[in-house]
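Asks: could you look at this predicted model? Sequence included:
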Amino acid sequence: MKNIAIILAGGTGSRVGENCPKQFIQICGRSVIERSVDAFERCDMIDEIAVVIHPLWIDKMNEIVNANGWTKLRKVVCGGNVRAMSSVAAIKMYRNEGECNMIFHDAARPLVSERIIRDVVEALEKYEAVGVASPVTDTIFVAEKGMVTSVPDRSKLFRAQTPQAFRLSVIDRAYEIALSDEHFKSTDDCGTVLRYLPETEIHLVDGEERNMKVTFREDIEIAERWLANER
């Protein structure tokens, strides 16, 4: 079955203190989004790549595409005003091309390893939904109005990462139901499937510390150290 990587880069703001979205910030000479696309371009299990970008930045993204020799990147499409609608834009783009595997990845996770990508794709041979996560090592407080209300068992808690992958028919149906719910809110595709298709098993693949999300200025420095160590 065709494996399509969807790079979600729809953000317009930047908490890292720059004048452009974080996906365009340079890490050791290459932008965050270039490194994310590179990871899926290198993996022989990925057949095709598409980027979902905010309309304000589509020209810049096209410039980046033209400057690179990527052979798998076939589509650049405008996303929605929230993460979920960017996923929906990608789903609509492939809806009429037959069943396939859709592998959604945050552009802001530029250091995703080939091991993670391969494990996710291999898991799709058995499961219709796959997530990536790492165990929580800190104690977690649930709080309300500044007061601790509970302390959950951290052995059952995991930090979600991407990619998150699904049969196209499954993620399409989950969002079809979700969008009919006037109270729908989501920042996570696995969460949408869990809520609206609860009978679908979501298999977890082990994440990695280096598969971090670039959000703040310090994250750029951490990513640079990871890359320096690899050299």
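Replies: Structure's in. What do you need? Numbers count the residues shown, from 1 in each chain.
Asks: just the strands in this protein please.
Replies: 3-9, 26-27, 30-31, 48-53, 73-78, 101-106, 129-135, 142-144, 147-150, 158-167, 202-206 (DSSP state E).
Asks: so what does the second one touch, helix or strand wise?
Replies: Using 3 or more CB pairs under 8 Å, 6 or more residues apart in numbering; DSSP states H and E as the contact criterion, the elements in contact with strand 26-27 are helix 217-230. (Each C-beta comes from the backbone N, C-alpha and C, glycine too.)
Asks: same deal with the longest one?
Replies: Contact here means 3+ CB pairs under 8 Å, 6+ apart; on that basis strand 158-167 packs against strand 101-106, helix 114-123, strand 129-135, helix 189-196.
Asks: which other residues reach that strand?
Replies: Contact with strand 158-167 is made by 5, 8, 99-106, 109, 112, 116-117, 120-121, 123-124, 128-136, 174, 188-190, 193, 204, 207-208, 211, 213, as judged by CB atoms under 8 Å, 6 or more residues apart in numbering.
Asks: please name the bridge partners of the closest residue to residue 202 other than its chain neighbours.
Replies: Excluding its sequence neighbours, the residue lying closest to residue 202 (CB to CB, 6 or more residues apart in numbering) is residue 129, at 4.4 Å. Here residue 129 sits in beta bridges with residue 166, residue 202, going by DSSP bridges.
Asks: ok, now how distant is residue 129 from residue 68?
Replies: If you measure residue 129 against residue 68 using CB to CB, to the nearest Å, the figure is 31 Å.
Asks: and those two? Which one has more around it.
Replies: Shown here are residue 129 and residue 68; by other CB atoms under 10 Å, residue 129 has more neighbours (22 against 14).
Asks: that one and residue 99, how far apart?
Replies: Using CB to CB, which is the criterion applied here, residue 129 is 14 Å from residue 99.
Asks: correct me, but residue 77 touches residue 55?
Replies: No: using CB atoms under 8 Å, residue 77 is not in contact with residue 55; the gap is 10.0 Å.
Asks: so if I had to pick from those two, which one is more boxed in?
Replies: Neighbours were tallied for residue 77 and for residue 55 using other CB under 10 Å; the higher tally belongs to residue 77 (18 against 13).
Asks: show me the contacts for the more buried one.
Replies: Residue 77 makes contacts with 50, 51, 52, 53, 89, 90, 93, as judged by CB under 8 Å, 6+ apart.
Asks: repeat that for residue 189.
Replies: Residue 189 makes contact with 84, 87, 104, 164, 166, 171 under the criterion CB under 8 Å, 6+ apart.
Asks: out of those, what pair is the most spread apart?
Replies: The largest separation in those, counting by CB to CB, is between 84 and 166 at 13.7 Å.
Asks: more neighbours, the two?
Replies: The neighbour count for residue 84 versus residue 166, taken as other CB under 10 Å, is higher for residue 166 (30 against 21).
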